[in-house]
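Asks: I'd like to go over a predicted model; first the sequence, then the structure.
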Amino acid sequence: MKSYKAGKYISHKGYKPFLPSFINEDIDWNLSELSGLIQEASLWLGKLNSYSDLIPDIDFFIKMYATKEATNSNRIEGTRTTFDDAISPVEQIQPEYRDDWHEVQNYIEAINYSVNRLSGLPLSMRLLKESHEILLKGVRGEHKAPGEIRKTQNWLGGSSLKDAFYIPPEPNMLPDLLTDIEKFLHNEELQVPEIVRAGIAHYQFETVHPFLDGNGRTGRLLIILYLISTGLLNKPVLYISDFFEKNRMSYYDSLAMVKKSDNMTQWLKFFLNGIVETAKSSIATFDKITKLSQKIDKKLEKIGKKAINGKKLVQLLYSQPKVNAKTAAEKLGISFVSANGLLKTFVEIGILEEKTGFNRNRYYIFEEYIKIFR
């Protein structure tokens, strides 16, 4: 086994792009130093997986987990959309924030699309390119070759290649580097735990920076997709971008340190700690949802015959916690009048709140549920 070297800077046309070393090789990643943390991260990820298997009707909650992940992944990139904004209809978003809102909605769509796509397509650059195309659809970056590997040089920080903070590898290096990442993810002969591979692959993807825009979001999506593809996660219920966003400077510093000093260990420590914290947080969320669900069931017992449609409305609220009468009527297959009456009943028994104060176009909010994710 050879010691890990992150790569080297090469001179090219007056600037110095970074050329990463291949990772699909027999490399000593110094994992003995991380053995306790690997075990702890694997344990908590396993517990989270068990929880997601035991929760009834889990698919109703998945959208909220995806929304949480999408909101924080985009906030790392500078968008200003809050979690409450992300679950709101576009007409409730101030015009100057709607571009940000659309970017978050695209990320939610990309998560759902790519997770479903895994059933028929292995995790690959093809899948990531399809997801990337969704991410950039109709938003800032839509003119930066959505779904296509870049054919020109990009850079991070600074105003040009002359004063850039970091210059990724040249475009002609990308095919081999991306093929190497794919092989690394699927190479069963390498003695690298899958949970560690997720962290190494994320670092390598960010370093290669294969797209003109949207690399960070795609690279964080790669983590979730890889964990699901290996069976370490059954559902996308790990919102690790929440950890990255809260520790944004450490996130960037740990990634940068690998290139500066070949220190992959520090990045993996940060990454694995993120897995532990996020898994614990996701489990706590499940516990709160379970308790709230039991509380709601008791409240539904008070509304008699309305309870049949009431249960359907609750299921809708678990994936869409802000609704109006029109949406409820369409989703439940009942009349507008019945939906309006049911929503008012939900306000009376303390499930929903109506905060617009309007006589028309009222929106009802499942505030107690939203708090769990907020």
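Replies: Ah, there it is.
Asks: C-terminal to the helix or strand Glu130 falls within, what's the next element?
Replies: Using DSSP states H and E, Glu130 sits within helix 125-135. Remark: after helix 125-135, the chain's next helix or strand is helix 174-186, criterion DSSP H and E.
Asks: distance between that next one and the chain's centre?
Replies: Relative to its parent chain, helix 174-186 has a centroid offset of 22 Å by C-alpha atoms, centre = their mean, to the nearest Å.
Asks: what does the helix holding Glu130 contact?
Replies: Where contact means C-beta atoms under 8 Å, 6 or more residues apart in numbering, the residues beyond helix 125-135 that reach it are 103, 106-107, 109-110, 113-114, 117-118, 121, 141, 146-149, 178-179, 181-182, 210-211, 214, 217-218, 221-222, 225. Glycine gets a C-beta too; all of them are placed from N, C-alpha and C.
Asks: any of these buried? List them.
Replies: For the contacts of helix 125-135, a burial check counting by 16 or more other C-beta atoms under 10 Å picks out 103, 106-107, 109-110, 114, 117, 141, 146-147, 149, 178, 181-182, 210-211, 214, 217-218, 221-222, 225.
Asks: restricting to C-alpha, output the worst-scoring helix or strand of the chain on mean pLDDT in CSV.
Replies: Sorting the helices and strands of the chain by mean pLDDT, DSSP states H and E puts helix 59-76 at the bottom, at a mean of 79. Included here for helix 59-76 are C-alpha records, laid out as CSV according to Å, rounded to 0.1, in the frame of the first residue of the first chain:
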residue,chain,number,x,y,z
ASP,A,59,-42.9,8.0,2.8
PHE,A,60,-45.2,10.7,4.0
PHE,A,61,-42.3,12.2,6.0
ILE,A,62,-39.6,11.8,3.4
LYS,A,63,-40.4,15.1,1.6
MET,A,64,-39.7,17.0,4.8
TYR,A,65,-36.3,15.3,5.2
ALA,A,66,-35.5,16.1,1.6
THR,A,67,-36.6,19.7,2.1
LYS,A,68,-34.4,20.1,5.1
GLU,A,69,-31.4,18.7,3.2
ALA,A,70,-32.2,20.8,0.2
THR,A,71,-32.6,24.0,2.2
ASN,A,72,-29.3,23.6,4.0
SER,A,73,-27.3,22.4,1.0
ASN,A,74,-28.4,25.5,-0.9
ARG,A,75,-27.7,27.8,2.0
ILE,A,76,-24.1,26.7,1.9
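Asks: what residues go with each domain of the protein?
Replies: For the chain, automatic domain parsing gives the domain ranges 2-285, 303-373.
Asks: what's the end-to-end length of the shortest one?
Replies: Using C-alpha to C-alpha, to the nearest Å, the gap from the first to the last residue of domain 303-373 comes to 27 Å.
Asks: and what of stretch 315-335?
Replies: Stretch 315-335 end-to-end distance (C-alpha to C-alpha) = 18 Å.
Asks: swap in stretch 202-214?
Replies: Termini of stretch 202-214 sit 14 Å apart (C-alpha to C-alpha).
Asks: work out the gap between it and the centre of the chain.
Replies: 16 Å.
Asks: any buried residues in it, and which?
Replies: For stretch 202-214, by 16+ other C-beta under 10 Å, it's 202-214.
Asks: what does stretch 67-82 give?
Replies: Buried residues in stretch 67-82 (16+ other C-beta under 10 Å): 67-77, 79, 81-82.
Asks: now those residues in JSON lines, with distance to Gln266?
Replies: Below are the buried residues of stretch 67-82 laid out as JSON lines (distance: C-beta to C-beta, whole Å):
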{"residue": "Thr67", "distance to Gln266": "31"}
{"residue": "Lys68", "distance to Gln266": "27"}
{"residue": "Glu69", "distance to Gln266": "24"}
{"residue": "Ala70", "distance to Gln266": "28"}
{"residue": "Thr71", "distance to Gln266": "27"}
{"residue": "Asn72", "distance to Gln266": "22"}
{"residue": "Ser73", "distance to Gln266": "22"}
{"residue": "Asn74", "distance to Gln266": "26"}
{"residue": "Arg75", "distance to Gln266": "24"}
{"residue": "Ile76", "distance to Gln266": "19"}
{"residue": "Glu77", "distance to Gln266": "23"}
{"residue": "Thr79", "distance to Gln266": "28"}
{"residue": "Thr81", "distance to Gln266": "31"}
{"residue": "Thr82", "distance to Gln266": "31"}
